[in-house]
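Just to be clear, the model below is a prediction. Sequence and coordinates:
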Amino acid sequence: MVGFICINKKVGDTSTYCVNMIKKHLKVKCGHMGTLDPLAGGVLPIAIGQATRLFDILLDKQKKYIATFDFAYETPSYDLETKPNNYSQNIPTEEEIKSILSSLIGEVDQVPPNFSAKLIDGKRSYKLARRGVDFTLPPKRITIYDITLLERVSDTAFKFLITCSGGTYIRSIVRDMAKALNCYGTMIALDRISSGEFNIENSVTIEELLASSDYTKFVIRPQDALTFEEINLDKILSKRLIDGVLCLVDREDGTYKVFSQNEFWGVGVVKDKSLKMKVYVRDL
């Protein structure tokens, strides 16, 4: 079996738990694509079989989140994993929040939270943070495409729709947003509603998956998770590609989904009309 299962992870479950449950019950090699913290829910794509080879190809996919930020206080982890250590003197209004959102959008050198899985000298940064070690993680270039204020959910908390690139920390957004508003902030809820071509609509819960007598109906084909244009090779060009012989195609330079006589083979790159495979999903 080759493809993806889009899990709608519930709050409290770890990403590793979801992978292990699928591996145990479906008896297949698999791995998740983009960790969701236990306190977050929503879309968790899990690659099955040879589809795990597409991890690097899908790293830069756009993601969407529904996040709830409370501007009454701040915790060291910027979420509910740790206890509040700073409290705001003022709570921003909806108008004040809307006025600073544009300053947060675009390409950003974002500093990850110290309570994250980043490595420092071979040690996870969250473990160092829990021990009270003082350090600052280096920034990473990410893109925030849009932040929309959806509603005020309490006297101090607001709900947002956030569209961003892979590698973005939503907890860093609440930190930076609060700083711009001259207050403190903490993420109190998070749901990922899409990750590339994976979304809530084509997702399934672990419970629904394991209760089904036909789990294959939940498998998303690898080619359906990719947005590249297609190249469909005939028998002669397919053999040239396998043999490592120059395989010329009439296409512009770029990345493509490669098919051989309508069978999906993987992802290839065209340069100067020459096609070379980047990732084989099908065993040859």
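Nice, thanks for sending it over.

what's next to stretch 272-284, contact-wise?
2, 50-51, 53-54, 56-57, 222, 231, 241-242, 246-251, 253, 255-256, 258, 263-269 (Cβ atoms under 8 Å, 6 or more residues apart in numbering). Bear in mind the C-beta positions are built from the backbone N, C-alpha and C, glycine included.

what do you get for stretch 217-227?
Here stretch 217-227 has contacts from 1-6, 45, 48, 50-51, 54, 57-58, 196-198, 202, 204, 209, 212, 257, 259, 264, 267, 281, using Cβ under 8 Å, 6+ apart.

so I200 makes contact with I193?
Yes: at 5.3 Å, I200 and I193 qualify as touching, with contact defined as Cβ atoms under 8 Å.

list the residues that contact both of these two?
G42, V43.

who has more neighbours, those two?
A count of neighbours by other Cβ atoms under 10 Å puts I193 above the other of I200 and I193, at 20 against 14.

Enumerate every residue touching the closest residue to P76 other than its chain neighbours.
Spatially, and ignoring its direct neighbours in sequence, P76 is nearest to T82 (4.7 Å; Cβ to Cβ, 6 or more residues apart in numbering). Listed by Cβ under 8 Å, 6+ apart, the contact set of T82 reads T75, P76, F115.

State which strand of the chain is the longest.
strand 140-152 (DSSP state E).

Which positions in it come out as buried?
Under the neighbour-count criterion of 16 or more other Cβ atoms under 10 Å, strand 140-152 has I142, T143, I144, I147 buried.

where's the residue lying closest to the first one once chain neighbours are set aside relative to L101, distance?
By the measure of Cβ to Cβ, 6+ apart, the closest residue to I142 outside its immediate chain neighbours is T168, 4.6 Å from it. Taking Cβ to Cβ, to the nearest Å as the measure, T168 falls 15 Å from L101.

the more surrounded of those two?
Between T168 and L101, T168 has the larger neighbour count (other Cβ under 10 Å), namely 21 against 16.

For the more buried one, which residues are in contact?
Applying Cβ under 8 Å, 6+ apart to T168 gives the contacts K63, Q110, I142, T143, I144.

correct me, but K98 touches L149?
Yes: K98 sits in contact with L149 when judged by Cβ under 8 Å, with a separation of 5.8 Å.

before we move on, the earlier item: look at the residue nearest to P76 and report its pLDDT.
Listed pLDDT for T82 reads 93.

cool, K27 as well?
What the model reports as pLDDT for K27 is 87.

I'd like the C-alpha coordinates of stretch 240-254 written as PDB, please.
Taking C-alpha atoms only, stretch 240-254 is exported to PDB below (Å, rounded to 0.1, in the frame of the first residue of the first chain):
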ATOM      1  CA  ARG A 240      15.400   5.200 -21.000                       C
ATOM      2  CA  LEU A 241      14.600   6.800 -17.600                       C
ATOM      3  CA  ILE A 242      15.100   3.500 -15.800                       C
ATOM      4  CA  ASP A 243      18.400   2.800 -17.600                       C
ATOM      5  CA  GLY A 244      19.800   6.200 -16.800                       C
ATOM      6  CA  VAL A 245      19.900   7.200 -20.500                       C
ATOM      7  CA  LEU A 246      19.200  10.700 -21.600                       C
ATOM      8  CA  CYS A 247      15.400  11.100 -21.400                       C
ATOM      9  CA  LEU A 248      14.300  14.200 -23.400                       C
ATOM     10  CA  VAL A 249      10.800  15.700 -22.900                       C
ATOM     11  CA  ASP A 250       9.300  18.800 -24.400                       C
ATOM     12  CA  ARG A 251       8.700  20.600 -21.100                       C
ATOM     13  CA  GLU A 252       9.900  23.700 -19.300                       C
ATOM     14  CA  ASP A 253      12.400  23.500 -16.500                       C
ATOM     15  CA  GLY A 254      10.700  22.500 -13.300                       C
END
